[in-house]
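# Sequence plus the predicted model coming up.
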Amino acid sequence: MSKNYISKEEAINQLYATIKTKFEQDGVLQEVRCMLQTKMVAMMKGKNDGQTTLLGRKLPDLSKLSASSSLPTSSEIDDTEQRQDPRLKMMQQLIMEYFHWHGFHYTAEMFAQESGTENVRPSRQQLERAVGPFEHKSLPILLELVAELMEKNQP
């Protein structure tokens, strides 16, 4: 009578594989990956402590800039224009509404981190006041806009 025993290493590997499979099925691994990516982007942008980037470089104190300081670079001008441009803000809100409607919560989190917006679903009423009402209230406005443009361009 021989008994089938598995080694301790094999048992650990089987346990690891089972846990990994369960975490993948439940979405836990995807959530952890997204959280890590979000934290890494925040650290690289210096948002971890508000003072230094991941590389240890001090962030410039833009509040100390005055009219007598050197002229801003074109990228600084572009960045300022993007933050102030209401079209960009509207586009970000439409994208955020689409992500939340589709259930792309991790994508929305990363988008919010990279774009500097809040990870909240915008109010449908607020968006409709800006771009007009749409027939299908169950669909995101961005999808409605794209469908409308496609219909107009059909021969």
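Arrived safely, thanks for sending. Numbers count the residues shown, from 1 in each chain.
# and the next element down the chain from the helix or strand bottoming out on mean pLDDT in the chain?
Lowest by mean pLDDT, DSSP states H and E among the helices and strands of the chain is helix 74-84, with a mean of 53. Counting by DSSP states H and E, the next helix or strand C-terminal to helix 74-84 is helix 86-102.
# For that next one, which outside residues touch it?
82, 104-105, 107-108, 111-112, 115, 117, 119-122, 124, 126-127, 130-131, 139-143, 145 (C-beta atoms under 8 Å, 6 or more residues apart in numbering). (Each C-beta comes from the backbone N, C-alpha and C, glycine too.)
# rerun that using 7 Å as the cut-off
Helix 86-102 is contacted from outside by 82, 107-108, 111, 115, 117, 121-122, 127, 130, 140-143, using C-beta atoms under 7 Å, 6 or more residues apart in numbering.
# out of the residues you listed, which are buried?
Among the contacts of helix 86-102, those scoring as buried are Thr107, Ala108, Phe111, Ser115, Thr117, Pro122, Leu127, Pro140, Ile141, Leu142, Leu143 (criterion: 16 or more other C-beta atoms under 10 Å).
# what's near enough to touch the first one?
It stands for Thr107. Thr107 neighbours (C-beta under 7 Å, 6+ apart): Phe99.
# picking that back up, how about a markdown table for the buried ones among the contacts of helix 86-102, with distance to Met40 added?
Below are the buried ones among the contacts of helix 86-102 laid out as a markdown table (distance: C-beta to C-beta, whole Å):
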| residue | distance to Met40 |
| --- | --- |
| Thr107 | 16 |
| Ala108 | 17 |
| Phe111 | 15 |
| Ser115 | 16 |
| Thr117 | 19 |
| Pro122 | 26 |
| Leu127 | 31 |
| Pro140 | 28 |
| Ile141 | 31 |
| Leu142 | 28 |
| Leu143 | 31 |
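# mind checking pLDDT for Lys3?
pLDDT for Lys3: 66.
# No further questions, thank you.
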